[in-house]
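1. Here is my input, please return the structure:
(one chain, ligands or ions: 1)
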Amino acid sequence: MRAKLIAANWKMNGSFALIDEMLKALSPLLEKTSCDVVILPPDVFLFSLKKAIEGTRIEVGAQNVHSETSGAFTGETSAPLLQACGAQWCIVGHSERRMLFSETDEFIRGKTETLLRHGIRPILCIGETLEQRESGNHEEVVVAQLGKGLSGLAADDQLRCVVAYEPIWAIGTGKTATPEQANSMHRIIRKELESLASSEVADKMQILYGGSVNAENADTLLSQSEIDGALVGGASLKTDAFPQIVAAGN
Ligand code: PGA
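-> Alright, predicted model coming up:
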């Protein structure tokens, strides 16, 4: 049985006040729920969040990393630097980074490998554009991204990764994939994991859904057999909505 994981991607938002308010809103719930919670704030809040969650079940992570471990890369953050701030997780391959910052599958793979070498668990995002879905290429696109992201890694490393299926047309648009569309893509991803990794990896890896998850649709999405959690953007900044999504993961 895979545990549910609810991850909050704050993107380029948040504040010191939100850290306090969100932890206050989550704390009564954490004793009652068994699902794992990860908050991924902008890097500048990592260390403060790490201190604030001490003694709770919440974990923290970053939204991006460079594939190199140090050097003249002005403005970038390396895995050892994230580790020094307490990051346990890091998103890689988010569609906003792929599209707005032209990140390639090769660069993303480099980031994943660096994170794994530094004990940080990657959340690998994959997903198709609306055009790709409408032309019927969505399965092929997602399977290719998955393969480039994970094939050839050591089994132990693969087991440290989480996949987030995020159809690009559903991110920040209020248009969620139907539970059936999401579940069916998750099934395809899991089947592919069997051939590119092993049946153990396919069975154990958490596959999250992301794209306009909110307090209203979380229950239905999270009750699908293949959906092991959610990567939440907009609603993860709301102190009323996010705890409800966490509760739905129970
Ligand atoms: P959204 O973002 O929940 O605002 O659609 C999800 C994501 O980009 O991870």
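
2. can you pull up the bridge partners for the spatially most central residue of the chain?
-> For the chain, Ile123 is the residue whose C-alpha lies nearest the centre (C-alpha atoms, centre = their mean; 4.4 Å). Beta-bridge partners recorded for Ile123 (DSSP bridges): Ile91, Val162.

3. you'd agree it is up against Val162?
-> Yes - between Ile123 and Val162 there is a contact under C-beta atoms under 8 Å: 4.9 Å. Heads up, the C-betas are built off the backbone N, CA and C, glycines and all.

4. list residues touching both of those two?
-> Jointly contacting Ile123 and Val162 under the rule C-beta atoms under 8 Å, 6 or more residues apart in numbering are Trp89, Leu208.

5. residues in contact with Met185?
-> Contact analysis of Met185 by C-beta under 8 Å, 6+ apart lists His138, Glu139, Val142, Tyr165, Pro167, Ala177.

6. Which members of those are positioned in strands?
-> Tyr165 (DSSP state E).

7. mind listing the helices in this protein by residue range?
-> Taking DSSP state H as the criterion, the chain contains helices spanning 16-30, 46-52, 79-84, 95-100, 105-117, 130-134, 138-150, 155-160, 179-196, 199-204, 218-222, 241-248.

8. ranking the ones you listed by burial, who's on top?
-> helix 241-248 (a mean of 22; mean count of other C-beta atoms under 10 Å).

9. Let's see it as CSV, backbone CA atoms only.
-> The C-alpha trace of helix 241-248 is given here as CSV (Å, rounded to 0.1, in the frame of the first residue of the first chain):
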residue,chain,number,x,y,z
ALA,A,241,-7.9,25.0,1.1
PHE,A,242,-4.6,23.3,1.6
PRO,A,243,-5.5,21.6,4.9
GLN,A,244,-8.6,20.3,3.2
ILE,A,245,-6.6,18.8,0.4
VAL,A,246,-4.3,17.2,3.0
ALA,A,247,-7.4,15.8,4.8
ALA,A,248,-8.6,14.4,1.5
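
10. the inter-axis angle of that helix versus helix 16-30?
-> Taking axes from the mean of the first three to the mean of the last three C-alpha atoms, to 10 degrees, one finds helix 241-248 and helix 16-30 inclined to each other by 20 degrees.

11. Run through the residues of the chain sitting next to the ligand.
-> Neighbours of the ligand within the chain, by C-beta under 6 Å from any ligand atom: 9, 166, 171-172, 210-213, 231-235.

12. which residue sits closest to the residue of the chain found nearest the ligand in space, ignoring its chain neighbours?
-> Closest residue of the chain to the ligand, C-beta to the nearest ligand atom: Gly233 (2.2 Å). In this structure, Gly233 finds its nearest non-sequential neighbour in Asn9, 5.0 Å apart by C-beta to C-beta, 6 or more residues apart in numbering.
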